[in-house]
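Student: need a 3D model of the following:
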Amino acid sequence: MGPGAAVTPWRGARDPHNVCRLLGGRARGFYAQDAGVVLRKNLGILRRLLCQESTKFRKVWTSHSTSPITYESGRIYFDNYRCCVSSIAGEPRILYQMPPCSKSEKIEDALLLECPLGETLPSLSDYKTSLAVLTAQNWLLRLSANTGEILEKIYLAGSYCKFRYLNWDSPQEIMVVKSVQQKLSAAARQAGIQQSVLFFLAVFRVLPLSFIGMLEINKKIFGNSVMDVAISNGILIVMYSVGLVKLYSFQAISEQFMEQHFDLGSEFSWNNRVGIVGKYPFGLPCNIKITDTPPLLFEVSSLENAFQIGGYPWHYIITPNNKKHKGVFYICSLKDNTLAKNGIQDMKCCSLEPDWIYFHPDTSGRIIHVGPNLIKVLKMKEIENNTNQQEIVEDFIIVANRENIVNNSVTVTASGRVVKKRFNLLDDDPEQETFKIVNHEDELDLLSVVAVTQIGPDGRAHLDLHCNEHGILLKTVPFLESWDVTYSHQVYFDRDVVLHIEQKPNRIFSCYVYQMIGKAHCRSNKQELLKIPDHGCQTHPAPSGWIQTTELLVGHTWI
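Tutor: Okay, the predicted model is just below:
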């Protein structure tokens with residue numbers, strides 16, 4: 001090509017045919033101008049490799065615990081978040097293990113904090129992933145996600161309330177700490193003492209951690225039948241025992257009822273008390289005092305307070321507040337409560353477990369409706385000549401792999417005559433493939449579906465990976481362990497790792513880790529799995545509460 005000649009763009013930059021062309025384009029710097037493009041191309045390569053027929057998932061690690069096991073972004077937490085194991089590396093390894101603690105210091109809940117993009121932060125530790133944890137003594141701690149070191153300590157409140165839950169208002173931006181419902185003791189009730197405050201909510205902006213405000217939910221303001229509260233996407237959600245759900249603007253409440261703004265670590269005088277904000281023994285002031293009913297944004301009645309908002313334009317999903325409507329879902333416009341065309345979704349399932357529905361987490365505005373043997377992915381479509389109403393149509397469906405079996409019930413009369421009556425099995429009959437879990441892997445844009453079949457005394461399960469755009473089955477990953485449908489199960493699919501966490505009777509929790517391997521690795525690693533006996537690991541002692549059954553490969557060393 002001579003000087004000044006026009007350069008033809010590499011076609012693979014827009015429409016790559018295979019992994020080799022993607023790698024070649026990356027090596028020649030086609031994506032160097034945008035780090036986000038590089039990441040997307042890398043994830044595209046990973047998706048193609050993962051979906052190849054020769055790619056397998058091998059179970060590389062198993063552990064059991066007497067305390068709950070949780071997973072978040074490549075980290076497995078044991079012993080109520082006091083022990084952290086990395087699942088990202090080729091060999092699962094302990095990142096940190098905190099010393100044993102008393103019951104009063106137990107970690108109740110936790111959230112993983114990621115560094116915000118494009119912001120200058122006051123501390124170097126703010127740029128690294130950390131873990132916000134809530135202890136039984138009302139301490140909010142920020143721990144290093146890699147070492148468990150305490151980076152920040154905030155004392156929330158004294159004994160007048162018990163904080164237990166951590167949730168996001170806006171993910172990685174605003175965090176909400178919620179108390180348990182305030183209840184009087186039997187002696188206080190007999191003495192005629194009245195309890196008007198039901199919940200406390202403390203709201204923080206994260207990284208750097210800053211205090212926005214704390215408010216109380218008082219039944220004198222919101223009513224006697226308040227059952228639960230939450231803050232999500234800037235909305236205060238109040239749920240009532242009669243099935244009523246009311247929405248209020250948290251920003252409007254803050255602007256109208258905040259008495260004074262406080263910064264963490266600053267001195268304050270409040271209710272004849274002088275102290276430091278967030279320090280023991282003073283904690284945080286309840287600086288948002290709601291003295292009158294705030295402006296109502298929205299109100300709806302739904303069975304079991306089930307209420308979701310999503311889609312575009314905004315719609316909500318409810319079940320009419322009547323038990324006979326259980327399993328029937330109404331999709332309505334948030335603007336004017338208009339029922340969408342085909343907005344009543346009813347699978348008419350004959351099953352022990354109900355079907356469920358939710359807005360697709362990929363922000364496409366679609367809706368996922370999951371039944372025992374059918375998954376419907378629905379989308380909204382504008383009705384021609386009627387811009388005020390949306391129509392609900394099927395985008396694609398996923399059907400369980402099962403046979404249409406009809407059983408015969410045989411009855412013999414007193415005269416010896418045989419009477420046969422045909423009947424159909426339940427939709428979630430354990431001997432037929434049944435959908436149990438549906439998730440979305442956002443980075444690879446895959447739908448992960450767990451399907452279970454009872455084979456003899458044991459159940460067998462597999463993870464199906466479907467194209468999120470069209471629903472095409474791309475990959476099946478079988479689980480080697482049995483699956484008991486009476487246990488509680490969680491499955492996480494995260495890039496090249498699959499985790500299965502189950503809760504057995506007597507509070508025994510099990511974690512099974514599968515990692516992606518290629519065909520060549522399969523041929524070179526046909527050794528049998530070796531199970532370590534229950535005396536713990538020699539390199540690292542087993543964390544308290546563990547029943548050590550870590551599986552190792554011969555010739556490899558797992559920690």
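Student: quick check: domain ranges of this structure?
Tutor: Per automatic domain parsing, the structural domains of the chain span 11-49, 101-301.
Student: out of those, deepest packed?
Tutor: domain 101-301 (a mean of 16; mean count of other C-beta atoms under 10 Å). In this view, the C-beta of every residue, glycine as well, is placed from N, C-alpha and C.
Student: how far off centre is that domain?
Tutor: 21 Å (C-alpha atoms, centre = their mean, to the nearest Å).
Student: and if you look at stretch 394-406?
Tutor: The answer for stretch 394-406 is 26 Å, by C-alpha atoms, centre = their mean.
Student: what is the rounded mean pLDDT of it?
Tutor: Averaging pLDDT along stretch 394-406 yields 84.
Student: list the buried ones in it?
Tutor: Using 16 or more other C-beta atoms under 10 Å as the test for burial, stretch 394-406 gives 395-396, 398, 400, 402.
Student: what mean pLDDT does stretch 452-470 have?
Tutor: 92.
Student: so which residues make contact with it?
Tutor: Stretch 452-470 is contacted by residues 50-51, 362, 396, 398, 430-434, 436, 440-441, 445-451, 472-479, 482-485, 491, 493, 498 when judged by C-beta atoms under 8 Å, 6 or more residues apart in numbering.
Student: give me the buried subset of those.
Tutor: 50, 396, 398, 430, 432-434, 436, 440-441, 446-451, 474-475, 477, 479, 483-485, 491, 493, 498.
Student: if we can go back for a sec, now render the domains of the chain as a markdown table, adding mean pLDDT and distance to residue 380.
Tutor: Formatted as a markdown table, the domains of the chain follow (pLDDT from 0 to 100; distance: least, C-beta to C-beta, whole Å):
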| stretch | mean pLDDT | distance to residue 380 |
| --- | --- | --- |
| domain 11-49 | 69 | 26 |
| domain 101-301 | 93 | 19 |
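Student: now, which of the contacts of stretch 452-470 lie within helices?
Tutor: Secondary structure from DSSP state H places 50-51 of these in helices.
Student: and the helices in this structure, which stretches?
Tutor: Counting by DSSP H, the helices of the chain are 19-27, 35-51, 186-190, 219-222, 250-257, 519-524.
Student: which ones are touching the residue lying closest to residue 256 once chain neighbours are set aside?
Tutor: In this structure, residue 256 finds its nearest non-sequential neighbour in residue 294, 6.8 Å apart by C-beta to C-beta, 6 or more residues apart in numbering. Taking C-beta under 8 Å, 6+ apart, we find residue 294 in contact with 236, 248-249, 252-253, 256-257.
Student: and stretch 93-103, end to end?
Tutor: 27 Å (C-alpha to C-alpha, to the nearest Å).
Student: okay, strands next: where are they in the stretch 1-150 of the chain?
Tutor: For the stretch 1-150 of the chain, the strands defined by DSSP state E, counting those that start in this stretch cover 56-65, 70-72, 75-78, 83-86, 93-97, 107-113, 130-135, 139-144, 150-155.
Student: tabulate the ones you listed (a markdown table), appending distance to residue 322.
Tutor: Formatted as a markdown table, those follow (distance: least, C-beta to C-beta, whole Å):
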| stretch | distance to residue 322 |
| --- | --- |
| strand 56-65 | 42 |
| strand 70-72 | 36 |
| strand 75-78 | 41 |
| strand 83-86 | 46 |
| strand 93-97 | 50 |
| strand 107-113 | 34 |
| strand 130-135 | 37 |
| strand 139-144 | 41 |
| strand 150-155 | 45 |
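Student: of those, which approaches residue 20 most closely?
Tutor: With C-beta to C-beta as the measure, strand 56-65 is the member of the strands of the stretch 1-150 of the chain nearest residue 20 (21.2 Å).
Student: select the longest strand from this structure.
Tutor: Identified as the longest strand of the chain according to DSSP state E is strand 386-399.
Student: so how many other residues sit close to residue 342?
Tutor: 14 (other C-beta atoms under 10 Å).
Student: next one, pLDDT for it please.
Tutor: pLDDT at residue 342 comes out at 96.
Student: now do the one 4 residues further on
Tutor: Looking at residue 346, its pLDDT reads 94.
Student: tell me the bridge partners for it.
Tutor: Taking DSSP bridges as the rule, residue 346 bridges to residue 328.
Student: now residue 178
Tutor: Counting by DSSP bridges, the residues bridging with residue 178 are residue 165, residue 201.
Student: next, format the helices of the chain as CSV and append distance to residue 61.
Tutor: Below are the helices of the chain laid out as CSV (distance: least, C-beta to C-beta, whole Å):
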stretch, distance to residue 61
helix 19-27, 28
helix 35-51, 19
helix 186-190, 48
helix 219-222, 48
helix 250-257, 42
helix 519-524, 16
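Student: out of these, flag the one nearest residue 507.
Tutor: Among the helices of the chain, helix 186-190 sits nearest to residue 507 (C-beta to C-beta), with 28.6 Å.
Student: contact partners of the closest one?
Tutor: Residues contacting helix 186-190 (C-beta under 8 Å, 6+ apart): residue 195.
Student: pull the CA atoms of that helix into CSV?
Tutor: Output of helix 186-190 as CSV, limited to C-alpha atoms (Å, rounded to 0.1, in the frame of the first residue of the first chain):
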residue,chain,number,x,y,z
ALA,A,186,-44.3,-7.8,77.1
ALA,A,187,-43.6,-5.9,80.3
ALA,A,188,-43.7,-2.5,78.5
ARG,A,189,-47.0,-3.5,76.8
GLN,A,190,-48.5,-4.4,80.1
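Student: on that earlier part again, so how far is the longest strand of the chain off the chain centroid?
Tutor: That offset, for strand 386-399, works out to 26 Å (C-alpha atoms, centre = their mean).
Student: also stretch 485-499?
Tutor: 12 Å.
Student: quick check: mean pLDDT of it?
Tutor: 95.
Student: re the thing from before, any chance of a markdown table for the buried residues of stretch 394-406, columns distance to residue 230?
Tutor: Rendered in a markdown table, the data for these read as follows (distance: C-beta to C-beta, whole Å):
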| residue | distance to residue 230 |
| --- | --- |
| 395 | 30 |
| 396 | 32 |
| 398 | 31 |
| 400 | 34 |
| 402 | 38 |
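Student: closest to residue 36 among the residues you listed?
Tutor: Once C-beta to C-beta is applied, the member of the buried residues of stretch 394-406 that ends up nearest residue 36 is residue 395, at 26.6 Å.
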